[in-house]
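Engineer: A predicted structure for the sequence below; I have some questions about it.
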Amino acid sequence: MNLNPSDKPAMAGAKRNNIARHRRRWLPYGGAVLLVVLIVAGLWPQPAPVEIARATVGPLRATVNEEGKTRIRQRFVVSAPVAGRLRRIPLRAGDDVQAGETVVAVIDPLAPALLDERARKLAEARRDAASAQLEKARVARNFAAAELRRFEKLFAEKTVTLQELETAQSREASASRDEAAAASALREAEAELTEYARETGDHTQPRRSPTEVKAPAGGRVLRVFEESARVVASGTPLLEVGDPSELEVVIEVLSRDGAAITPGTRVELEQWGGSKPLEARVRLVEPAAFTKVSALGVEEQRVNVIADLLTSRKDRLSLGDNFRVEARIIAWENHQALKIPSGALFRRGEHWGVFVMAAGRAHLRPVQVGRSSGAEAQIMEGLKEGETVILYPGDRVKEGQRVRAIEVSR
């Protein structure tokens, strides 16, 4: 069939309309397929983002970290050897003293107390009574002695018996003792009068010299207890002396930690005021613990660990007595330990485990853990150097799960 030229454009337009209708008919199906694809893609399991770390070989040490304080090893408290009036002490904390040479204190003897008129009259009366008693006792002794001589003569002539002679001897001995007692009472009464100064200004009594107290050891004055002049009793603490160059450190640790610390253990002292840590070594772990209440109100058994400073004096000139330090006691140390961050470890029953990342998936691996420094732990078995472990897996990481590493700024 022959078509007119005028019919060709009409047929072409009809064909285009059929194609457009055909496309519009399949458009809903295409949209549905695309929606299904998007839903499946959205629900498809994605790799879980995880932090990772590698098992490395390097230095590791287990430490006991506690606060401590310094103290002078040998300190001396200078006390007043006698009672008297202490002169003002010119020394101050930090002054140098020489053993046996530096006079640290001077104590003057106390002035005798003044008697009032009534007390003086009583004291004089007691002296006069004691003097009269002595005269009486002396007369009685003379009479007893004369009587004894007479009885001895009569006994030699066999005029008196032996019993009468012994009675005379006893009376003479008793009279002698009474005379001695009366003489002592008189001396006491006279001493009571001579001990007091007279208000008339009589200074004929001998004056005692002041007592000088010298430093028992060389070093520096640590503390002055009695600075001002005053009357002190015998044994009153005056000042404290010690050598600041001979320092030791006292560290209070829990008793369970102290049981694992042995003499000779290295100690590092930080936060003491200098830029570099100080070196020390444990000399003694005291054998007796004590109870201490923590800031949270918990009773703890603690023990003192005594450490000697090894750092030279010139590197710690500013360190003094009773200064606070942060002590790090190195209980164990290994320079070639296989270690991982402690955050990668978790408990599975009675054993430790980690998640190892390999080929983009997490694999559970049981491990045997050794020592720990808190931030890192030693791995005895179960891992090799260079393997990647997942940090802080928690419950979101499962065996065989796909994971991807993320960068975390540290």
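Structural biologist: Perfect, I can see it now.

Engineer: next one: stretch 252-271 to chain centre, how far?
Structural biologist: In terms of CA atoms, centre = their mean, to the nearest Å, the centre of stretch 252-271 is set 13 Å apart from its chain centre.

Engineer: may I have it exported as CSV, CA atoms only?
Structural biologist: Backbone C-alpha positions of stretch 252-271 (Å, rounded to 0.1, in the frame of the first residue of the first chain) are rendered in CSV as follows:
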residue,chain,number,x,y,z
GLU,A,252,52.8,4.3,102.9
VAL,A,253,51.6,1.3,100.8
LEU,A,254,48.9,-1.2,101.2
SER,A,255,50.1,-4.2,103.2
ARG,A,256,49.4,-6.6,100.3
ASP,A,257,51.7,-4.5,98.1
GLY,A,258,54.3,-4.2,100.9
ALA,A,259,54.5,-7.9,101.1
ALA,A,260,55.7,-8.1,97.5
ILE,A,261,58.4,-5.4,97.9
THR,A,262,61.9,-6.4,98.9
PRO,A,263,64.9,-4.4,100.0
GLY,A,264,66.9,-3.2,97.0
THR,A,265,63.9,-2.4,94.8
ARG,A,266,64.3,0.7,92.6
VAL,A,267,62.1,3.7,93.3
GLU,A,268,61.4,6.8,91.1
LEU,A,269,60.2,9.9,92.8
GLU,A,270,58.2,12.4,90.8
GLN,A,271,56.2,15.6,91.5
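
Engineer: now the helix ranked longest in the chain: buried residues?
Structural biologist: For the chain, the helix that runs over the most residues, judged by DSSP state H, is helix 117-156. Buried residues in helix 117-156, counted by 16 or more other CB atoms under 10 Å: 123, 126-127, 130-131, 133-134, 137-138, 140-141, 144, 147-148, 151, 155. To be clear about C-beta, it is placed using only N, CA and C from the backbone, and glycine gets the same treatment.

Engineer: any idea of the pLDDT on Ile406?
Structural biologist: At Ile406, the model reports a pLDDT of 81.

Engineer: now do Ser174
Structural biologist: Note on Ser174: pLDDT of 89.

Engineer: looking at Glu124 now. What's its pLDDT?
Structural biologist: 81.

Engineer: over to Val389?
Structural biologist: With respect to pLDDT, Val389 has a value of 93.

Engineer: any idea how far Ala144 is from the spatially closest residue to it that is not a sequence neighbour?
Structural biologist: Leaving aside its chain neighbours, Val389 sits nearest to Ala344 (4.2 Å; criterion: CB to CB, 6 or more residues apart in numbering). The gap separating Ala344 from Ala144 is 109 Å, by CB to CB, to the nearest Å.

Engineer: right, and the helix or strand after the worst-scoring helix or strand of the chain on mean pLDDT?
Structural biologist: Sorting the helices and strands of the chain by mean pLDDT, DSSP states H and E puts helix 8-43 at the bottom, at a mean of 64. For helix 8-43, the following helix or strand on the C-terminal side (DSSP states H and E) is strand 48-54.

Engineer: each with direction, which strands does that following strand pair with?
Structural biologist: Strand 48-54 has the following strand partners under DSSP bridges: strand 388-391 (antiparallel), strand 403-405 (parallel).

Engineer: so how far is the shortest one off the chain centroid?
Structural biologist: Pointing back at strand 403-405 there. For strand 403-405, the distance to the chain centre is 49 Å (CA atoms, centre = their mean).

Engineer: surely Pro244 is in contact with Asp321?
Structural biologist: Yes: Pro244 lies in contact with Asp321 (CB atoms under 8 Å); the separation is 6.4 Å.

Engineer: overlap in contacts of those two?
Structural biologist: Overlap of the contact sets of Pro244 and Asp321 (by CB atoms under 8 Å, 6 or more residues apart in numbering) consists of Ile72, Leu222.

Engineer: please, which helix or strand holds Val303?
Structural biologist: Val303 belongs to strand 299-309, assigned by DSSP H and E.

Engineer: contacting residues for Arg87?
Structural biologist: Taking CB under 8 Å, 6+ apart, one finds Ala105, Val106, Ile107, Asp108, Pro210, Ala229 in contact with Arg87.

Engineer: okay but Trp352 is in contact with Gln368, surely?
Structural biologist: Yes: the criterion here is CB under 8 Å, and Trp352 meets it with Gln368 at 7.2 Å.

Engineer: those two: which has the busier surroundings?
Structural biologist: More crowded of Trp352 and Gln368, by other CB atoms under 10 Å: Trp352, with 18 against 12.

Engineer: which residues does the more buried one bridge with?
Structural biologist: Here Trp352, judged by DSSP bridges, has bridge partners Arg347, Val367.

Engineer: can you give me the pLDDT of it?
Structural biologist: 92.

Engineer: which residues does it contact?
Structural biologist: Leu345, Phe346, Pro366, Val367, Gln368, Val369.

Engineer: just the buried residues of the residues you listed.
Structural biologist: For the contacts of Trp352, a burial check counting by 16+ other CB under 10 Å picks out Leu345, Val367, Val369.

Engineer: which one of these is nearest to Ile72?
Structural biologist: Proximity of the buried ones among the contacts of Trp352 to Ile72 (CB to CB) peaks at Val369, which lies at 42.7 Å.
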